[in-house]
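Asks: Sharing a model prediction with you, sequence too.
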Amino acid sequence: MPQLPAPGYPADVRARLEADGKEIVARYPDSRSALLPLLHLVQAEEGYVSRTGMAFCADLLELTTAEVTAVATFYSMYRRKPSGDYQVGVCTNTLCAVMGGDAIFDELKRHLGVGNNETTDDGKVTLEHIECNAACDFAPVVMVNWEFFDNQTPESAKRLVDDLRAGREVAPTRGAPLCTYQETARILAGFPDQRPGAVAATGGAGPASLAGLRLAKGETPGARVVHPRGEGPKDQPQPGSEHLSSHDAPQQTSASDPAHPAGPAAEEGE
């Protein structure tokens, strides 16, 4: 059945969003280019992109609601229904999957009592599988509101979501301190992160991610000698060839596992 027109925002909310929206539009020579950050802006208001939010974006940019809906439904970063304060995404792409991502996702579904793209009863956690976190050298990886939790295990991942639901402080392996999904959406809309020290705390890549940078600088690592099976010593890394990632298991897990603290060992560019 045809839907009734989406209700508008209350007058005070509309005025505030219009002021922010016009600031976003002014950044672009073509106003239509502002649609993506505007969708983040309305998502920051309600926690998802509602019909009201899409109608607002269409009105501000002089687009049809169909044009806005086509964009909002194309990108998975825009949620189409109310969600939790923390979006917990488990990478189930090939490398993370074989390193344990599938096991983590299955365990979290059982532990939280939710399925993919579902939210816990307390409104704290929305669980979803995601195709790639672009952090294969620290697989398996979990992201919370787009912040990294590297080298996870089913047990550390369960502790992570339990801490989130209990309101305990949780520190990403690298990146800025956590904030809520709505606060994250406002930052993605292009507004500064106003939390004291948040920008300075973003950290850097770990040693596994810096391997390519060192090679680009001409710093050749020592060769790894692999002997035929049953002949000579087992594969031993030579000095300078260490590659600290989950591929060289066992490795320490994320800071969400208090028994195995981990974190960036070097800043990017070092």
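Replies: Noted; the coordinates are in hand. Predicted, not measured: the structure shown is a model, and the values here were computed from it.
Asks: From here on, just use CA atoms for contacts and neighbour counts.
Replies: OK.
Asks: mind checking how far the helix or strand containing Leu164 is from the chain centre?
Replies: Leu164 belongs to helix 154-166 when assigned by DSSP states H and E. Offset of helix 154-166 from its chain centre (Cα atoms, centre = their mean, to the nearest Å): 16 Å.
Asks: before we move on, what about stretch 185-204?
Replies: Centroid displacement of stretch 185-204 relative to its chain, using Cα atoms, centre = their mean, is 14 Å.
Asks: pull the CA atoms of that stretch into PDB?
Replies: Taking Å, rounded to 0.1, in the frame of the first residue of the first chain, the C-alpha atoms of stretch 185-204 are listed here in PDB:
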ATOM      1  CA  ALA A 185      27.700   9.500  12.600                       C
ATOM      2  CA  ARG A 186      28.100  13.300  13.300                       C
ATOM      3  CA  ILE A 187      31.900  13.000  13.000                       C
ATOM      4  CA  LEU A 188      31.400  11.200   9.700                       C
ATOM      5  CA  ALA A 189      29.200  14.100   8.600                       C
ATOM      6  CA  GLY A 190      32.300  16.200   8.800                       C
ATOM      7  CA  PHE A 191      32.000  17.900  12.200                       C
ATOM      8  CA  PRO A 192      35.000  18.000  14.600                       C
ATOM      9  CA  ASP A 193      35.300  15.400  17.400                       C
ATOM     10  CA  GLN A 194      34.900  17.700  20.400                       C
ATOM     11  CA  ARG A 195      35.900  15.200  23.000                       C
ATOM     12  CA  PRO A 196      39.100  16.200  24.900                       C
ATOM     13  CA  GLY A 197      42.100  14.300  23.700                       C
ATOM     14  CA  ALA A 198      40.100  12.200  21.200                       C
ATOM     15  CA  VAL A 199      42.000  13.300  18.100                       C
ATOM     16  CA  ALA A 200      45.400  13.000  19.700                       C
ATOM     17  CA  ALA A 201      44.600   9.500  20.800                       C
ATOM     18  CA  THR A 202      44.100   8.100  17.400                       C
ATOM     19  CA  GLY A 203      47.400   6.100  17.500                       C
ATOM     20  CA  GLY A 204      48.900   4.500  14.500                       C
END
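Asks: Which neighbouring elements make contact with the longest helix seen in the chain?
Replies: What stands out as the longest helix in the chain, according to DSSP state H, is helix 11-25. Applying 3 or more Cα pairs under 8 Å, 6 or more residues apart in numbering; DSSP states H and E, we find helix 11-25 packed against helix 35-46.
Asks: Quick one: name whatever helix or strand follows the helix it packs on.
Replies: helix 51-61.
Asks: Need the residues that contact that following helix.
Replies: 6-9, 18, 21, 31-32, 35, 38-39, 42-43, 63-65, 67-69 (Cα atoms under 8 Å, 6 or more residues apart in numbering).
Asks: Now do the longest helix of the chain and helix 35-46, the angle between them.
Replies: On the basis of axes from the mean of the first three to the mean of the last three Cα atoms, to 10 degrees, helix 11-25 is oriented at 150 degrees to helix 35-46.
Asks: quick one, strands of the stretch 51-200 of the chain?
Replies: Using DSSP state E, counting those that start in this stretch, the strands of the stretch 51-200 of the chain run over 86-91, 118-119, 125-130, 142-144, 147-149.
Asks: What residues of the last one count as buried?
Replies: Translated: strand 147-149. Across strand 147-149, burial judged by 16 or more other Cα atoms under 10 Å covers 147-149.
Asks: Tell me where the stretch 151-270 of the chain is predicted with low confidence.
Replies: For the stretch 151-270 of the chain, the stretches with pLDDT under 70 are 202-206, 221-270.
Asks: Where do the helices of it begin and end?
Replies: Counting by DSSP state H, counting those that start in this stretch, the stretch 151-270 of the chain has these helices, from start to end: 154-166, 181-188, 211-216.
Asks: tally of neighbours for Gln182?
Replies: Using other Cα atoms under 10 Å, Gln182 has 23 neighbouring residues.
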